[in-house]
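Visitor: For reference, the sequence and a predicted model appear below.
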Amino acid sequence: MFPLGMFYDPTYILVILGVVLSMLASAYVNRTFERFDAVNSKNQVTGTDAATYILRSQEIGDVDVRRISGKLTDNYNSGDKTLNLSDSTAQSTSVAAIGVAAHECGHAVQDANSYFPLKLRSAIVPVANFGTNISIPLLIIGALISGNSGQTMINIGLIAFSMAFVFQLVTLPVEFNASRRALQILSDGGLLTTQEVPMVRKVLTAAALTYVAAAISVFLQLLRLVMIFGNSRRN
């Protein structure tokens, strides 16, 4: 029988919990960024300056630093070797902007050093996307089919969705490592004062918490699907 619980049931609390957690993490990173975005670096280093310095110090010459629109839309694209800094980062001399730019440079350093978790995450992306797209249809079809065939479909659907959780887990060491690399290079290079280092660390820690929240949110969604479709087979 089709599991009506997937439309309304107590397990929705798991989804709500995940959404609230993600919202809190996002609010915290924005508040932390705004706090330290008001603190200008004593060396008057911009986000672009910091990125250029880190790439040069690590002898990475095949990455272009570009400016893109938006706020906190910064990213490193390993496909076309570009470090994209947002309007709120590129020309800002704030401690927060330097930290964000340095973090993205951390990914470029990982790429240059063939950091395994980064390569693993890149390999998982298409699998995770495909699994997420087909998981719900497989689960619904499995719930409608009786017997072992239905259970097999459900199992495949759950495994497919779990790839999204695996992706989130692999993302955690990638992000934490990028921040650690960035902070170390900035400290060693003297771009930050001893007072500014803890500030940047707070910005990077806040950003990392968003990835932790995302991993927990996906896990809660996976747990909900297991509870719903596991019950549907028993019923």
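Guide: Thanks, I have the structure now.

Visitor: chain center to stretch 21-33: distance?
Guide: Relative to the chain's own centre, stretch 21-33 is displaced by 13 Å; criterion: Cα atoms, centre = their mean, to the nearest Å.

Visitor: Give the rounded mean pLDDT of that stretch.
Guide: Here stretch 21-33 scores 93 as its mean pLDDT.

Visitor: And for it, what's in contact with it?
Guide: Residues lying outside stretch 21-33 but in contact with it, judged by Cβ atoms under 8 Å, 6 or more residues apart in numbering, are 72, 96, 100, 202-203, 206-207, 209-210, 212-214, 216-217. C-beta: built from backbone N, CA, C; applies to glycine.

Visitor: Roughly how far does the residue nearest the centre of the chain sit from residue 19?
Guide: By Cα atoms, centre = their mean, the chain has its centre lying nearest to residue 211, at 4.5 Å. Between residue 211 and residue 19 the distance is 16 Å, computed by Cβ to Cβ, to the nearest Å.

Visitor: again, but for residue 208
Guide: Where residue 19 is concerned, residue 208 sits at a distance of 20 Å (Cβ to Cβ).

Visitor: Those two - which one has more neighbours?
Guide: residue 208 (19 against 13; other Cβ atoms under 10 Å).

Visitor: Please confirm that residue 59 is located within a helix.
Guide: No: Residue 59: not assigned to a helix; according to DSSP: H, G, I helix; E, B strand; the rest coil it is coil.

Visitor: What is the burial count for it?
Guide: 7.

Visitor: Dihedrals phi and psi, it?
Guide: Backbone dihedrals for residue 59, given as degrees, to the nearest 10, come out at phi 60, psi 40.

Visitor: likewise the one 10 residues further on?
Guide: Comment: the main-chain dihedrals of residue 69 come out as phi -80, psi 160, following degrees, to the nearest 10.
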